[in-house]
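**Q** Have a look at this prediction, sequence included:
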Amino acid sequence: MSEKKKKVFPNKETTTPRRPVILKSDRETKEQPKEKEKEKPPTIILKTREQSAPKDDRPLSPKTIKTPTAEGDGPHPCKIAQNENKDKKQSEKVSPPLKQMTKPIKLVDENLDFNNAALEFLHDSSTNYLVVGIVGTQGAGKSMILNLITQSKHTQELCRQILRSHEMKDNYDGGNEMAAVENQLEALDLMENEKISNGFKFKMQDIQQIERGVHCTRGVDMYVTQDRVILLDCQPLCSPSLIEESNTNPITARSANVVTVDCLQITSFLMAVCHVLIAVQDWFTDYNFIRYIQAAEMLKPSLSASNTANQEPSESNLSSSSPHLLLLHNRCQLEDYTVDSVRCMQDLYRKAFQRSNLQLNSGMYMYSDTNKNGLNVDNVSKTYSVETCGTPINMFMLPELYDDFDNREIYRGHPPFEQLAKRLRWMILGVNRHQISNVPNLSERGWFHYCIKSWETIRKCTFFMEYERFLP
């Protein structure tokens, strides 16, 4: 019996501690999920708000906000907090105002080094911009054409300003040299004031520079209009004055070749970064000028920009677009506006650029092609048509200005100069703005970074060095 009692007591001792343990575990398992579900959401929300927003900017709960008393005549604190948050968001979105250009700035200086000072005049978010570059020989009128694009109003006063810009007063007195110097300085000051008041941004040649055969532009000048049109003016092609300035030693054949290669690099650079490239001539036609454009296109390396956060280009992707080429003839005479001459010009350019990637059918025509588009409704001349002059290409002609330009009784063979200048500006600003690089929405500052990489790639390209070896 004693053994049986001993067996019973250990069983009771083993069961008694287990019962409360089981009861406690059941209660805890039932109560724990409810407490966790209640505690988790508020702790997560409070932590994210405290970490993201500072104490001053943290929004107040409705319980802590005190209602205004009857004595206080101020607005509700909830509305004050909401207005402050709206003002902060609006101040973050509004970008600081940019500086407006009063005169062109150097994009590529005299030593052919890239200048980063123009970056402060460009937007970081604007993508609706147009880049227009121009190339031509010395004295062809590159700066004058860019000044026509900057002008929004084209009247007869514009023609007087162009004629006045080439004049230079010469008040020379042989007996008094000091008086002659003072008169010349006063004349220069008057001319500068007239140019500023006229609104011409690019400097044009005066009579002294024309007689001396000196160029005005060195490198590449950039000017940004209020309509976000970026204009690029470059140095003249194959200018003898550039050869004289490049070397202090006696001029040799290699010095001329160096200047030729520098001008080819600038032309290739403009082909890589511009939407529209204007090729200016003052007579029809210079075959060396056509070969020059073909050589610049041939030597241009493939450039692209990768889609990065900073929108900076890289050389990994090898694809680049070709600009719209506008063949512009300046100082045209009466016989240049005949139907036969227009047809001859277009046939020559069509054959010369038949293998080129440059876009010659962009809508910048002298007359409308009713079979393909109806953009050019107002014809420059009613005698021009597809039947008489053939399919139109990007070619335009500006007449030479004379002192009696306002005399309408004289037969000119073309509309007035101000009407043609207005049409030229309308065609250039309305051209299709294609994608320059493979970045889908390249901003103005992104375009500037692309220009830096393009100029560095062109300057280091071995194609131009090899081309210099084959020059005579």
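**A** That came through, no problem.
**Q** can you tell me the helix or strand for Gly446?
**A** helix 444-460 (DSSP states H and E).
**Q** helix or strand right after that helix?
**A** Counting by DSSP H and E, what follows helix 444-460 is helix 462-470.
**Q** quick one: buried residues of that next one?
**A** Neighbour counts over helix 462-470 (16 or more other Cβ atoms under 10 Å) mark 464, 467 as buried. To be clear about C-beta, it is placed using only N, CA and C from the backbone, and glycine gets the same treatment.
**Q** For it, name the packing helices and strands.
**A** With contacts taken as 3 or more Cβ pairs under 8 Å, 6 or more residues apart in numbering; DSSP states H and E, helix 462-470 sits against helix 253-273, helix 287-299.
**Q** can you list contacts of it?
**A** Helix 462-470 has contacts (Cβ atoms under 8 Å, 6 or more residues apart in numbering) with 257-258, 260-261, 264-265, 295, 299, 301, 458.
**Q** Let's see if you can find the most crowded of those.
**A** Leu264 (24 neighbours; other Cβ atoms under 10 Å).
**Q** any idea how far Gly199 is from it?
**A** 33 Å (Cβ to Cβ, to the nearest Å).
**Q** Can you get me a residue count around Asn432?
**A** Around Asn432 there are 10 residues (other Cβ under 10 Å).
**Q** per-residue confidence for the residue lying closest to it once chain neighbours are set aside?
**A** Closest residue to Asn432 apart from its sequence neighbours, by Cβ to Cβ, 6 or more residues apart in numbering: Ser362 at 6.5 Å. What the model reports as pLDDT for Ser362 is 89.
**Q** how near is Ser362 to Ser302?
**A** Relative to Ser302, and taking Cβ to Cβ, Ser362 is found at 22 Å.
**Q** higher neighbour count, the two?
**A** Higher neighbour count among Ser362 and Ser302: Ser362, with 21 against 11, using other Cβ under 10 Å.
**Q** OK, contacts around the more buried one?
**A** 324, 326, 394, 431-432.
**Q** which ones among these are found in strands?
**A** 324, 326 (DSSP state E).
**Q** which SS state does the nearest residue to Leu232 once chain neighbours are set aside fall under?
**A** Among residues not flanking Leu232 along the chain, Gly133 sits closest, at 4.2 Å (Cβ to Cβ, 6+ apart). Under DSSP: H, G, I helix; E, B strand; the rest coil, the three-state class of Gly133 is strand.
**Q** burial measure for Gly133, as a count.
**A** Other residues lying near Gly133 total 27 when counted by other Cβ under 10 Å.
**Q** Out of the helices and strands packed on helix 462-470, indicate the one that is most buried.
**A** With neighbours taken as mean count of other Cβ atoms under 10 Å, the helices and strands packed on helix 462-470 reach their highest mean count in helix 253-273, at a mean of 20.
**Q** what is the rounded mean pLDDT of the helix or strand that that helix is followed by?
**A** Past helix 253-273, further along toward the C-terminus, the next helix or strand under DSSP H and E is strand 276-281. The pLDDT scores in strand 276-281 average 96.
**Q** what packs against strand 276-281?
**A** If contacts are counted by 3+ Cβ pairs under 8 Å, 6+ apart, strand 276-281 sits against strand 130-136, helix 142-150, helix 287-299, strand 324-332.
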